[in-house]
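> structure, please.
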Amino acid sequence: MRAWDVACFISVARELMPDARITVHAKGDLSVSALIGAILDGGRPALRLYDPPRSLDCPSSPDGYDSVVEIPSILRWVDMPDLLARTGAEVLKAPPSTTQ
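Numbering: from 1, shown residues only. Just a heads-up that it's a prediction; the model follows:
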């Protein structure tokens with residue numbers, strides 16, 4: 001659902017600001033949602049991902065309170081390196097500081 005939300009946001013942003021360059025920023029596990037949302041959108045927005053997971057093969061917490069994206073059987077078809085290459089995402093080590 002998060003990936004669909006990202007795709008819908010990108011679509012609405014394009015309608016409201018047709019000449020704007022759209023850049024999606026995401027950190028950690030939510031980078032997966034940003035990547036998939038960008039692919040669903042199809043318009044190739046710029047992606048800046050901070051510390052994305054190295055693989056989609058990571059367990060979620062037992063209590064279910066985390067941001068790990070679980071997509072059954074996705075590893076049969078694609079993993080993070082493939083998604084990163086397909087979207088041309090910029091991978092960064094740490095997000096920019098919001099306090100200066």
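> contacts for stretch 73-87, please.
32, 35-36, 38-39, 44, 47, 49, 52-57, 89, 91 (C-beta atoms under 8 Å, 6 or more residues apart in numbering). (Glycine included, C-beta is placed from N, CA and C.)
> give me the buried stretch members for that stretch, please.
For stretch 73-87, burial by neighbour count (16 or more other C-beta atoms under 10 Å) applies to 78, 80, 83, 84, 87.
> how far off centre is it?
12 Å (C-alpha atoms, centre = their mean, to the nearest Å).
> mind checking the end-to-end distance for it?
Counting by C-alpha to C-alpha, to the nearest Å, you get 21 Å between the two ends of stretch 73-87.
> again with stretch 56-63
19 Å.
> on that earlier part again, now, among the buried residues of stretch 73-87, which is nearest to residue 3?
Closest approach between those and residue 3, by C-beta to C-beta: residue 83, at 11.0 Å.
> tell me the mean pLDDT over the host helix or strand of that closest one?
For residue 83, the host element (DSSP states H and E) is helix 80-87. Helix 80-87 comes out with an average pLDDT of 87.
> from the chain's centre, how far out does whichever helix or strand comes after that helix sit?
Heading C-terminal from helix 80-87, the first helix or strand you meet, by DSSP H and E, is strand 90-92. On the basis of C-alpha atoms, centre = their mean, strand 90-92 sits 11 Å off its chain's mean C-alpha point.
> relative to strand 90-92, what are the paired strands and their orientations?
Using DSSP bridges, the strands paired with strand 90-92 are strand 46-50 (parallel).
> residues in contact with the strand it pairs with?
When contacts are defined by C-beta under 8 Å, 6+ apart, strand 46-50 is touched by residues 21-28, 31, 34-35, 38, 84, 87-95.
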